[in-house]
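# Below is the sequence, then the predicted model.
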Amino acid sequence: MPETRIPDQDAKEQAMTENNLTRIHWNGKEIILIGTAHISRQSAEQVKEVIERERPDAVCVELDRQRYQAITEGNRWKDMDIFQVIKEKKAALLFANLALSSFQKRMARQFGIRPGQEMIQGIESAKETGARLVLADRDIQTTFSRIWHNVGWKGKSLLLAQVISAIFSRETISEEELEKMKEQDMIQTILQEFADQFPELKKPLVDERDQYLAERIKTAPGEKIVAVLGAAHVPGVIREIERDHDLGELEEVPVKKRRFHLLGWLLPALIVVLIAATFFLNPSAGVDQTLSWVLWTGSFSAAGAAAAFGHPLTILTAFVAAPLTTLHPLLASGWFAGLVQAFIRRPSVRDFENLAEDIMSVKGFWNNKVTRILLIVILTNIATSVGTFIAGVDIVRLFFQNV
């Protein structure tokens, strides 16, 4: 195994607390880790000073392609195709990304800084010194997918609540909380309380990203590398840099196991069989079952669309689509409602231009046509799931009453 040399423990701790720098000599390379605070001007200044002094061959930043574009392309929202977002089933993911962006922007506004200022400085200093820029973090979509895969229905509900609370919370951050947040990255900050309740999330949220960052940093081109990381990742990267990691495996997006695919088809099939059997035993009860399914699923679905202030035709679409889409595991009433809303209330260029500002308030989230569509998709799907559960219980009840 290649020799890795870092300062002894006491010296390392002193270095980390005094100047946030750690030097590692690995396989003929010199790697300089800068442990940054994501909401600190001093961190950005230090990044500039270190890169200019060290003149590295490569600069690694704790960003993925998506977050890099969010930082460097202020008008990226103008190119978004909201229809494509819904068709590709990415409405919830986009909503989560906007929630994170909202949280970051409010923190930055409170402290009078640019969000990700130290990463921006790393990008600019790399260009100024002629160093290769390496986006070292794993794709945020992959991280969210692996987090989502690790929790059950309760966890998914709590995660959604945590993301939404990040948007709607108007609380300011105290000095003590600020110091604590300086030890985390923005993803961990928003999900830390949730991760405390579900320790198994530490693996996709922290450990896997430490492994991914370590592999990307040590394989960066050149002999001298500067890596700009959140301070919380530095200990993990130091630990993982000696080990080999398969990036392809870490980038895999989990897929539902075969038994869950089968379950997704079996449950609707069971509903259909129970209704058919009840029709055979008692046609009148079969009609009641059918009406129960239509009314419960349709009403809850329509209520979800209405809660997001959808257009009347959007609400009607949600009502009509729900009884059918709930019997098909690859369809969802929220997608149809969202597409109708997008067609009737098509977002304008101004909506996309104002998106960055509108996501900073509850009113903005509801008023902007883009986020309104996302809310319709999400709330309609959630409400439909509740209606499906109630309708399913009622159908089982009516079946046994007529056996």
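The structure has been received and is ready for your questions. Residues are numbered from 1 along each chain as shown.
# pLDDT weak spots in the stretch 1-150 of the chain?
Residue ranges of the stretch 1-150 of the chain with pLDDT under 70: 1-19, 37-41, 73-80, 93, 96-97, 99-115.
# which residue ranges form the strands in it?
Secondary structure of the stretch 1-150 of the chain by DSSP state E, counting those that start in this stretch: the strands cover 4-5, 21-26, 29-36, 58-61, 132-135.
# For the stretch 201-350 of the chain, give me the ranges with low pLDDT.
Within the stretch 201-350 of the chain, the set of residues satisfying pLDDT under 70 comprises 256-261, 349.
# looking at the strands of the stretch 1-150 of the chain, which is buried most?
Among the strands of the stretch 1-150 of the chain, judged by mean count of other CB atoms under 10 Å, the one packed with the most neighbours on average is strand 58-61 (a mean of 28). From N, CA and C alone the C-beta is placed, and that goes for glycine too.
# Asp246: neighbour count?
In terms of burial, Asp246 registers 10 neighbours under the definition other CB atoms under 10 Å.
# do the same with the one 4 residues further on
Other residues near Leu250 number 17, with proximity taken as other CB under 10 Å.
# How about Ala302?
Applying other CB under 10 Å, we find 26 residues neighbouring Ala302.
# That one touches Ala318, doesn't it?
Yes. Because the distance of 4.8 Å satisfies CB atoms under 8 Å, Ala302 is recorded as touching Ala318.
# In stretch 212-224, which of the residues would be classed as buried?
Neighbour-count burial for stretch 212-224, counted by 16 or more other CB atoms under 10 Å, picks out Tyr212, Leu213, Ala214, Glu215, Arg216, Ile217, Lys218, Ala220.
# Next, format those residues as JSON lines and append secondary structure and distance to Leu33.
Below are these laid out as JSON lines (DSSP: H, G, I helix; E, B strand; the rest coil; distance: CB to CB, whole Å):
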{"residue": "Tyr212", "secondary structure": "helix", "distance to Leu33": "15"}
{"residue": "Leu213", "secondary structure": "helix", "distance to Leu33": "10"}
{"residue": "Ala214", "secondary structure": "helix", "distance to Leu33": "10"}
{"residue": "Glu215", "secondary structure": "helix", "distance to Leu33": "14"}
{"residue": "Arg216", "secondary structure": "helix", "distance to Leu33": "13"}
{"residue": "Ile217", "secondary structure": "helix", "distance to Leu33": "8"}
{"residue": "Lys218", "secondary structure": "helix", "distance to Leu33": "11"}
{"residue": "Ala220", "secondary structure": "coil", "distance to Leu33": "12"}
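# need those in a markdown table with distance to Leu274, can you?
Written out in a markdown table, the entries for the buried residues of stretch 212-224 read as follows (distance: CB to CB, whole Å):
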| residue | distance to Leu274 |
| --- | --- |
| Tyr212 | 47 |
| Leu213 | 51 |
| Ala214 | 53 |
| Glu215 | 52 |
| Arg216 | 53 |
| Ile217 | 57 |
| Lys218 | 58 |
| Ala220 | 59 |
